[in-house]
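> Predicted coordinates and the sequence they were generated for:
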Amino acid sequence: GDSVTQMEGPVTLSEEAFLTINCTYTATGYPSLFWYVQYPGEGLQLLLKATKADDKGSNKGFEATYRKETTSFHLEKGSVQVSDSAVYFCALSDPTQGGSEKLVFGKGTKLTVNP
Amino acid sequence: EAQVTQNPRYLITVTGKKLTVTCSQNMNHEYMSWYRQDPGLGLRQIYYSMNVEVTDKGDVPEGYKVSRKEKRNFPLILESPSPNQTSLYFCASRAGRGVETQYFGPGTRLLVL
């Protein structure tokens, strides 16, 4: 079945450091890929998405490029802030799943940014 | 404001005592679903609904029931809760098929003693 693997956390960075969170996927079809963010005590919010190969999703300084050849969707940000501290989830949605069309999530990566 | 709401946000109960977690969305979305989040496992889908009176099992449906009598509401029912259902639960909604952005509620933290 479909699956998502993302780097284990936690990740601790200093403010203004460069961030990369790796994400790779396995899917039978042509999935859409997502990054969701969960701030402490809150639900998940969509951070960015890409729906086809070579698409780049971007939002709030974060970027991720859909790489079909490496089945990857790594999250990057050039300069993190304290307010970026959260748990980040990589996810996919595979239309070949049929009715469910559920999101398949990675296990999450907790990011802490120190001032 | 477009949102998905869940109640209660926190609940402590005992084994075998039936409970219902409510979920409501104000975006007229057709698709709704329930996930549970457990440490080291990420989020897993429990049940989903494509529209009113249409529901189906997700990956981990055992011990749960749902109903979809109205478009906006999708309650999660635990008929006889057990300690392995202690978890963080999220309701989500989406406009329809092929529209991929799902909106999540704030979560319900459940402890079953």
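Now that the structure is in, tell me what you want to look at.
> can you pull out the strands in chain A?
For chain A, the strands defined by DSSP state E cover A:3-6, A:11-14, A:19-21, A:23-26, A:32-38, A:44-50, A:56-59, A:62-65, A:75-77, A:86-93, A:103-105, A:109-114.
> any idea how far the first one is from the chain center?
So that's strand A:3-6. Between the centre of strand A:3-6 and the centre of its chain there are 10 Å (CA atoms, centre = their mean, to the nearest Å).
> cool, the longest one as well?
Centroid displacement of strand A:86-93 relative to its chain, using CA atoms, centre = their mean, is 4 Å.
> quick check: angle from it to strand A:109-114?
Angle, strand A:86-93 to strand A:109-114, by axes from the mean of the first three to the mean of the last three CA atoms, to 10 degrees: 150 degrees.
> other SSEs contacting the longest strand seen in chain B?
Taking DSSP E as the assignment, the strand of chain B that covers the most residues is strand B:42-51. On a contact count with 3 or more CB pairs under 8 Å, 6 or more residues apart in numbering or on different chains; DSSP states H and E, strand B:42-51 meets strand A:103-105, strand B:31-38, strand B:54-57, strand B:65-66. To be clear about C-beta, it is placed using only N, CA and C from the backbone, and glycine gets the same treatment.
> Tell me the strands beside it, with direction?
Strand B:42-51 sits in its sheet next to strand B:31-38 (antiparallel), strand B:54-57 (antiparallel), going by DSSP bridges.
> same question for the longest one, mean pLDDT?
In other words, strand B:31-38. Across strand B:31-38, the average pLDDT comes to 94.
> Identify each buried residue in it, please.
Of the residues in strand B:31-38, B:31-37 count as buried by neighbour count, 16 or more other CB atoms under 10 Å in any protein chain shown.
> who's in contact with the nearest residue to residue A:73 once chain neighbours are set aside?
Nearest non-adjacent residue to residue A:73, counting by CB to CB, 6 or more residues apart in numbering or on different chains: residue A:33, 4.3 Å away. Residue A:33 makes contacts with A:23, A:25, A:49-51, A:57, A:64, A:66, A:73, A:90-92, as judged by CB atoms under 8 Å, 6 or more residues apart in numbering or on different chains.
> Format the residues you listed as JSON lines; extra columns: distance to residue B:65, neighbour count and pLDDT.
Listed next are these as JSON lines, based on distance: CB to CB, whole Å; neighbours: other CB atoms under 10 Å in any protein chain shown; pLDDT from 0 to 100:
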{"residue": "A:23", "distance to residue B:65": "33", "neighbour count": "24", "pLDDT": "97"}
{"residue": "A:25", "distance to residue B:65": "31", "neighbour count": "21", "pLDDT": "96"}
{"residue": "A:49", "distance to residue B:65": "31", "neighbour count": "20", "pLDDT": "93"}
{"residue": "A:50", "distance to residue B:65": "36", "neighbour count": "21", "pLDDT": "93"}
{"residue": "A:51", "distance to residue B:65": "34", "neighbour count": "14", "pLDDT": "89"}
{"residue": "A:57", "distance to residue B:65": "36", "neighbour count": "21", "pLDDT": "96"}
{"residue": "A:64", "distance to residue B:65": "37", "neighbour count": "27", "pLDDT": "98"}
{"residue": "A:66", "distance to residue B:65": "37", "neighbour count": "20", "pLDDT": "96"}
{"residue": "A:73", "distance to residue B:65": "35", "neighbour count": "29", "pLDDT": "98"}
{"residue": "A:90", "distance to residue B:65": "30", "neighbour count": "29", "pLDDT": "95"}
{"residue": "A:91", "distance to residue B:65": "26", "neighbour count": "27", "pLDDT": "93"}
{"residue": "A:92", "distance to residue B:65": "28", "neighbour count": "25", "pLDDT": "91"}
